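S.K.: This is a predicted model, with the sequence first.
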Amino acid sequence: MTIIENYGWNKNWQDKIETNGVPGRVVLEHKNLYRVITDHGEWLSSLSGKYRHSHAKSEFPCVGDWVVVEQMPGEEKGIIHQVLPRISSFSRKAAGETSDIQTITVNVDYAFLVMSLNHDFNVRRLERYLLATWDSGANPVIVLTKRDQCNNIEPYLEEVESVAFGVPVHTVSSVTMEGIAELQNVLAGSKTGALLGSSGVGKSSLINALAGTELMAVQDIREDDSKGRHTTTHREMVLLPSGGLLIDTPGMREFQLGDYSEGVESGFSDVENLADACRFRDCAHGNEPGCAIREALETGVLQPERFRSYVKLKRELAHMERKSDLAAQKAERSKWKQITKDSRKRPVKKR
């Protein structure tokens, strides 16, 4: 097996190459620079000028991307000429008031949604992770860490199963190694997994347990609320000795939505199916006659907290859509304003 085959390379990727160079995978992203693993070594690479000026920022390489890179003569450096089409893309709304979407990681087979069996456990946050994962094209796997510190896991499992229909759930301990082998088997065959979860849930400890060695620094958490500091400050891909790859991501406690309308349909299929059964298509699920959702809430079939979460997410998506439309309109007005200003500066040709 070649070096890049260990990183998931196969004929399907080979068929997507459209330019000269050698294939490689981005394993670490610096500011405007990328660590790319190839069959000829690991090269610190940058984008070609042509690619940089002809592609949007969302199309720039990200950890997990497969790229076509040309080695600079006599150096362990490369120039990236092509980013191969992605099979999955995990993104979130960028921080602040902007409506921009930030790509977190790509070409992930499995998204490990990590929460610990302590104060960090939050089923509403899990709904958001599931929603984004379904939309990304990756397969969700729920990982509940710190099993050794929890005397009764049944209440946690019941909450998970109430929102994650059919999604695999693993309870693990990086101390006793319980459940670690099962997670290693998920990534068998050079599959790629991404760890997604808040600070302090034990992602770095989990990577160390899966790798069987101290790859990541580990920090203590506060005992009063189980919150931790960001141990990981960048995204990096790790090749596991047992096979398979893991991408760690900086903690994401407040997960703000991107364009995840399709993910809502998958993550809240129970609520969506109930809404479809309402007598009126424009039912606001209030006092309308024949409202299936109101009936489900009254009979206990649908939990009020889950419905409130669904409504909140739908409102956020609608808000994001409005902001995106306004931003697009503003950008269009600015473009034509600049064109008009430039045309006025041009000298008028005398006849």
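M.R.: Done, it's in.

S.K.: Let me know the distance separating I87 from W66.
M.R.: 10 Å (CB to CB, to the nearest Å). Where you see a C-beta, it was placed from the backbone N, CA and C, and this is true even at glycine.

S.K.: Which one of those two is surrounded by more residues?
M.R.: Applying other CB atoms under 10 Å to I87 and W66 shows that W66 carries more neighbours, namely 26 against 17.

S.K.: circling back to that earlier point, anything in contact with each of I87 and W66?
M.R.: Residues touching both I87 and W66 (CB atoms under 8 Å, 6 or more residues apart in numbering): N107.

S.K.: and the nearest residue to G41 once chain neighbours are set aside, backbone torsions?
M.R.: Using CB to CB, 6 or more residues apart in numbering and skipping the chain neighbours, the partner closest in space to G41 is E76 (6.2 Å). When read as degrees, to the nearest 10, the backbone of E76 gives phi -90, psi 50.

S.K.: Tell me who's in contact with E76.
M.R.: Listed by CB under 8 Å, 6+ apart, the contact partners of E76 are 41-44.

S.K.: out of those, which are buried?
M.R.: Neighbour counting over the contacts of E76 (16 or more other CB atoms under 10 Å) leaves W43 as the buried ones.

S.K.: closest to Q71 among the contacts of E76?
M.R.: Proximity of these to Q71 was ranked by CB to CB; the top entry is W43 with 6.4 Å.

S.K.: what's the domain layout of the protein?
M.R.: Using automatic domain parsing, the domain parsing of the chain gives 3-83, 89-248, 261-323.

S.K.: Buried deepest among the ones you listed, which one?
M.R.: Most buried of those by mean neighbour count (mean count of other CB atoms under 10 Å) is domain 89-248; its value is a mean of 19.

S.K.: Next, the distance between the ends of it.
M.R.: Domain 89-248 has its terminal residues 15 Å apart, counting by CA to CA, to the nearest Å.

S.K.: same question, stretch 68-83
M.R.: For stretch 68-83, the first and last residues are 7 Å from each other (CA to CA).

S.K.: hmm, back to that, could you dump the contacts of E76 to a markdown table with pLDDT and secondary structure?
M.R.: Converted to a markdown table, these look like this (pLDDT from 0 to 100; DSSP: H, G, I helix; E, B strand; the rest coil):
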| residue | pLDDT | secondary structure |
| --- | --- | --- |
| G41 | 94 | strand |
| E42 | 96 | strand |
| W43 | 97 | strand |
| L44 | 96 | strand |
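
S.K.: that older thread, out of the domains of the chain, which gets the lowest mean score?
M.R.: Sorting those by mean pLDDT places domain 261-323 lowest, at a mean of 77.

S.K.: how about S162, what does it touch?
M.R.: Contacts of S162 by CB under 8 Å, 6+ apart are 123, 303, 306.

S.K.: can you give me the helices in the chain?
M.R.: Residue ranges of the helices in the chain, as given by DSSP state H, are 3-6, 11-14, 49-54, 123-136, 154-163, 180-186, 203-211, 261-267, 269-276, 292-299, 304-345.

S.K.: ok, back up a step: go through the contacts of S162 and name the one nearest V36.
M.R.: Comparing those against V36 with CB to CB places V123 closest, at 38.8 Å.

S.K.: separation between the residue nearest the centre of the chain and T249?
M.R.: Centroid-nearest residue in the chain, with CA atoms, centre = their mean: F90, separated by 3.0 Å. As judged by CB to CB, F90 and T249 stand 8 Å apart.

S.K.: Tell me the residues that contact both of these two, please.
M.R.: Taking CB under 8 Å, 6+ apart as the contact rule, the neighbours common to F90 and T249 are 104-105, 194, 196.

S.K.: ok, so of the contacts of S162, who is nearest D282?
M.R.: Closest approach to D282 among the contacts of S162 (CB to CB): R306, at 22.1 Å.

S.K.: Show the contacting residues for that closest one.
M.R.: Taking CB under 8 Å, 6+ apart as the contact definition, R306 lies against 127, 162-163, 268, 271.

S.K.: and if you look at R124?
M.R.: 305, 309.

S.K.: I87 now?
M.R.: I87 is in contact with 107, 137, counting by CB under 8 Å, 6+ apart.
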